[in-house]
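>>> Could you look at this predicted model? Sequence included:
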Amino acid sequence: MQFNGLRVLWEGLTGHRGWKPLWRDPEPQPEYDIIVVGGGGHGLATAYYLANTFGEARVAVLEKGWLGSGNIGRNTTIIRSNYLLPGNEPFYEFSMKLWEGLEQEFNFNAMVSQRGILNLCHSDGQRDAFRRRGNAMLLAGADAELLDQDGVRAMYPFLNFDNARFPIKGGLLQRRAGTARHDGVAWGYARGADRKGVDLIQNCEVTGFRIEGGAIRGVETTRGYIGAKKVGVAVAGSTGRVMEKAGMRLPIESHVLQAFVSEGLKPCIDGVITFGAGHFYVSQSDKGGLVFGGDIDGYNSYAQRGNLPVVEDVVEGGMALMPMIGRARLLRSWGGIMDMSMDGSPIIDATHVDGLYLNAGWCYGGFKATPASGYAFAHLLATGRPHETATAFRLDRFQRGALIDEKGVGAQPNLH
Amino acid sequence: MLIPHPLLGPRDAQEFTYLGDAALLNRPDGMAQGAEAAFFDYTYLRDNPAGLHRELWFHEQGDRSWLVVTRDTVTHEIVSAELASDVKRRGGA
């Protein structure tokens, strides 16, 4: 079933009775060439690129709940490629380019909206750091503009420019960045993978790995044993729990990150704004709600909910930045479990088990990376070699001292 | 969250800063054989359990003691808290 404007018009006129489920609900086969564990954004994208780009025919995705039930459904939907370090920026720019062609590629409306992201700076030192980051972005083929205070004022006159403690001095603008409809991304990849013959198997939790002679043979699941030549694990948030079954301890802690949405408001914020003095990022959804977030709660957690001190801290950041939101009411808040890695950067690599591959450690930057993460992981699974933009995301980089510490805070996962 | 401080009674978790797994009390000997591997393990690798977790909290806004708090990472329920110095004296976490 191909989506197009005529079809939507026709269904609209005939009571929407012609739509069919977007993917099958297959029984697991006894064996696959490649099994992807985790039916979230990254797992579904991996399966999609495996089948579509790398021509793998016998692929399955195993998901313990329903498709897209983890962080792909719980984020603040921001897409961007405004990183500094050489190990990161080419990868995120590759992701940005995939976002730009995504909807045409998988024929699904993911509501990719390049509305621009503006990182505000509040001191001369911060402006210098942003200039350096902007130059690094330009070198990697991304776009970046450094705005002075007047430039920011022209875009967002309602910001608190003359805050005595954190005056707004300017900002780093990436116009190609923006937002996407998070669930739509998962559904688009799921449908695209299914159409290429990938079996999307839901309510199928992996309970163990069958490893013989140092090589993967298959996975034990709640729906029985399934054989596989290769297994790729993309289960951010649960990575520690799953990889423990393969005997691995990882440089990862699981932390809870909260996100928030206000009641629906008239259109007032047409891009994404981030506060440079606290940690606060905000955009406005098409329904009018302000979608915003801040720091993780800061302690190990597998509970998909946080505590009130961080709610207060995030909302204070919002009030410091744009006092106009003070009378808006908070509609909902929720939490997602992040793989906080020891340097704040992800891992896409093989493991000590032959045929077992790991995609993990996305901290709270996983959503924007979804297309490139899927592509790079599919590349690794299909060819055995890392994708050219993901060569730095190695599991052994911690042992080698080759960290990708974007924030420069060291081995403190709750500070990244 | 309220942390039952062994000396001060229940205190708001906001008064504390969090460090991580209480296994960090067991710092390897830098002069011993295999120190490099031991320090890699100590610095970077974590058990990261879903369930009971023994972890270090620093009472920064209070009496500046280090506590070993046993907390359930799935429910956030705090089971116990003891002074890290006592734990260390008993032979580590």
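Noted; the coordinates are in hand. Every value quoted in this text rests on a predicted model; they were computed, and no experiment measured them.
>>> Would you state the helices of the stretch 251-400 of chain A in chain order?
Along the stretch 251-400 of chain A, the segments classed as helices by DSSP state H, counting those that start in this stretch run A:308-321, A:370-383, A:397-400.
>>> To residue A:64, which of those helices lies closest?
helix A:370-383 (18.8 Å; Cβ to Cβ). Any C-beta I mention is one placed from the backbone N, CA and C, and that applies to glycine too.
>>> May I have the closest one as PDB, with CA atoms only?
Coordinates of each C-alpha in helix A:370-383 appear next as PDB, following Å, rounded to 0.1, in the frame of the first residue of the first chain:
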ATOM      1  CA  THR A 370      17.900   7.100  14.600                       C
ATOM      2  CA  PRO A 371      18.500   7.000  10.800                       C
ATOM      3  CA  ALA A 372      22.300   7.000  10.900                       C
ATOM      4  CA  SER A 373      22.400   4.600  13.800                       C
ATOM      5  CA  GLY A 374      20.200   2.200  11.900                       C
ATOM      6  CA  TYR A 375      22.300   2.600   8.700                       C
ATOM      7  CA  ALA A 376      25.600   2.200  10.500                       C
ATOM      8  CA  PHE A 377      24.500  -0.800  12.500                       C
ATOM      9  CA  ALA A 378      23.000  -2.400   9.400                       C
ATOM     10  CA  HIS A 379      26.400  -1.700   7.600                       C
ATOM     11  CA  LEU A 380      28.200  -3.400  10.500                       C
ATOM     12  CA  LEU A 381      25.900  -6.400  10.600                       C
ATOM     13  CA  ALA A 382      25.900  -6.900   6.900                       C
ATOM     14  CA  THR A 383      29.500  -6.300   6.100                       C
END
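>>> Now do the buried residues in it.
A:370-382 (16 or more other Cβ atoms under 10 Å in any protein chain shown).
>>> next one: stretch A:400-411
In stretch A:400-411, counting by 16+ other Cβ under 10 Å, buried: A:403, A:404, A:406, A:411.
>>> Spatially central residue for the chain, please.
I went with chain A, as the question did not name one. Residue closest to the average C-alpha location in chain A (Cα atoms, centre = their mean): residue A:367, at 1.5 Å.
>>> meant chain B actually
residue B:56 (2.1 Å).
>>> burial of residue 59, as a residue count?
No chain was given, so I picked chain A. 28 (other Cβ atoms under 10 Å in any protein chain shown).
>>> you looked at the wrong chain, it should be chain B
By other Cβ under 10 Å, 20 other residues sit near residue B:59.
>>> Which residue does chain B have closest to chain A?
Nearest residue of chain B to chain A, counting by Cβ to the nearest Cβ: residue B:48, 3.7 Å away.
>>> quick one, what contacts residue B:47?
A:240, A:249, B:21, B:23 (Cβ atoms under 8 Å, 6 or more residues apart in numbering or on different chains).
>>> Equivalent analysis for residue A:85, please.
A:136, A:404, A:405, A:406.
>>> repeat that for 10 Å
Contact analysis of residue A:85 by Cβ atoms under 10 Å, 6 or more residues apart in numbering or on different chains lists A:133, A:136, A:345, A:392, A:403, A:404, A:405, A:406, A:408.
>>> Which residues are in contact with the third one?
Think residue A:345. Residue A:345 neighbours (Cβ under 10 Å, 6+ apart): A:83, A:85, A:87-88, A:91, A:361-363, A:365, A:392-393, A:397, A:403-407, A:416.
>>> contacting residues around the host helix or strand of residue B:79?
In this assignment (DSSP states H and E), residue B:79 forms part of strand B:78-83. With Cβ under 10 Å, 6+ apart as the test, strand B:78-83 has contacts from B:1-7, B:10-11, B:13, B:16, B:22, B:52-54, B:57, B:59, B:65-72, B:89-90.
>>> Run a quick neighbour tally on the closest residue to residue B:13 other than its chain neighbours.
Once flanking residues are discounted, residue B:13 sits nearest to residue B:1: 4.0 Å by Cβ to Cβ, 6 or more residues apart in numbering or on different chains. Using other Cβ under 10 Å, residue B:1 has 19 other residues around it.
>>> And residue A:63, by the same measure?
25.
>>> And for residue A:127?
By other Cβ under 10 Å, the residues close to residue A:127 number 18.
>>> nearest spatial neighbour of it, skipping sequence neighbours?
Nearest residue to residue A:127 in three dimensions, chain neighbours excluded: residue A:121, at 4.7 Å (Cβ to Cβ, 6+ apart).
>>> any idea which of the buried residues of stretch A:400-411 is closest to chain B?
The closest of the buried residues of stretch A:400-411, once distances to chain B are taken by Cβ to the nearest Cβ, is residue A:411, at 5.3 Å.
>>> picking up where we left off before, wait, isn't the residue nearest to residue B:13 in contact with residue B:72?
No: the criterion here is Cβ atoms under 10 Å, and residue B:1 misses it with residue B:72 at 11.1 Å.
>>> check contacts around whatever residue of the stretch 1-150 of chain A ends up closest to chain B.
Proximity to chain B, evaluated over the stretch 1-150 of chain A using Cβ to the nearest Cβ, is greatest for residue A:64 at 13.3 Å. Residue A:64 is in contact with A:37-39, A:70, A:202-207, A:221-222, A:235, A:238, A:242, counting by Cβ under 10 Å, 6+ apart.
>>> likewise residue B:17?
Counted by Cβ under 10 Å, 6+ apart, residue B:17 has contacts A:298, A:299, A:414, B:56, B:57, B:58, B:59, B:60, B:61.
>>> change it to 7 Å
B:58, B:60 (Cβ atoms under 7 Å, 6 or more residues apart in numbering or on different chains).
>>> State the distance from it to residue A:409.
Applying Cβ to Cβ, to the nearest Å, the value for residue B:17 to residue A:409 is 14 Å.
>>> residue farthest from the centroid of chain B?
Outermost residue of chain B (Cα atoms, centre = their mean): residue B:33, 26.3 Å.
>>> Up against chain A, what does chain B have?
When proximity is defined by Cβ under 7 Å from any Cβ of the partner chain, chain B lies next to chain A at B:1, B:14, B:18, B:20, B:40, B:43-48, B:50, B:53, B:55, B:73-76.
>>> low pLDDT regions in chain B?
Along chain B, the model assigns pLDDT under 70 to residues B:93.
>>> what's the top helix by length along it packed up against?
For chain B, the longest helix by residue count, based on DSSP state H, is helix B:35-44. For helix B:35-44, the helices and strands in contact under the criterion 3 or more Cβ pairs under 7 Å, 6 or more residues apart in numbering or on different chains; DSSP states H and E are helix A:397-400.
>>> May I see the buried residues of the helix it packs on?
Buried residues in helix A:397-400, counted by 16+ other Cβ under 10 Å: A:397, A:398.
>>> Please see if that helix touches chain B.
Yes: contact of helix A:397-400 with chain B (Cβ under 7 Å from any Cβ) involves A:398, A:399.
>>> Count the residues that sit near the residue lying closest to residue A:168 once chain neighbours are set aside.
In space, and not counting its chain neighbours, residue A:168 is closest to residue A:161: 4.8 Å by Cβ to Cβ, 6+ apart. Around residue A:161 there are 14 other residues, counting by other Cβ under 10 Å.
>>> can I assume residue A:161 is in contact with residue A:169?
No: using Cβ atoms under 7 Å, residue A:161 makes no contact with residue A:169, being 9.1 Å away.
>>> What helix or strand is the closest residue to residue A:355 other than its chain neighbours located in?
What sits nearest to residue A:355 in space, not counting adjacent residues and going by Cβ to Cβ, 6+ apart, is residue A:216, at 3.9 Å. If you go by DSSP H and E, residue A:216 is part of strand A:215-221.
>>> Could you list the residues in contact with that strand?
A:35, A:37, A:62, A:204-211, A:225-228, A:230-231, A:353-356.
>>> Pull out the buried positions in it.
So strand A:215-221, judged by 16+ other Cβ under 10 Å, has buried residues A:216, A:217, A:218, A:219, A:221.
>>> Could you export the residues you listed as TSV, including pLDDT?
TSV is the format used below for the buried residues of strand A:215-221 (pLDDT from 0 to 100):
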residue	pLDDT
A:216	97
A:217	97
A:218	97
A:219	98
A:221	97
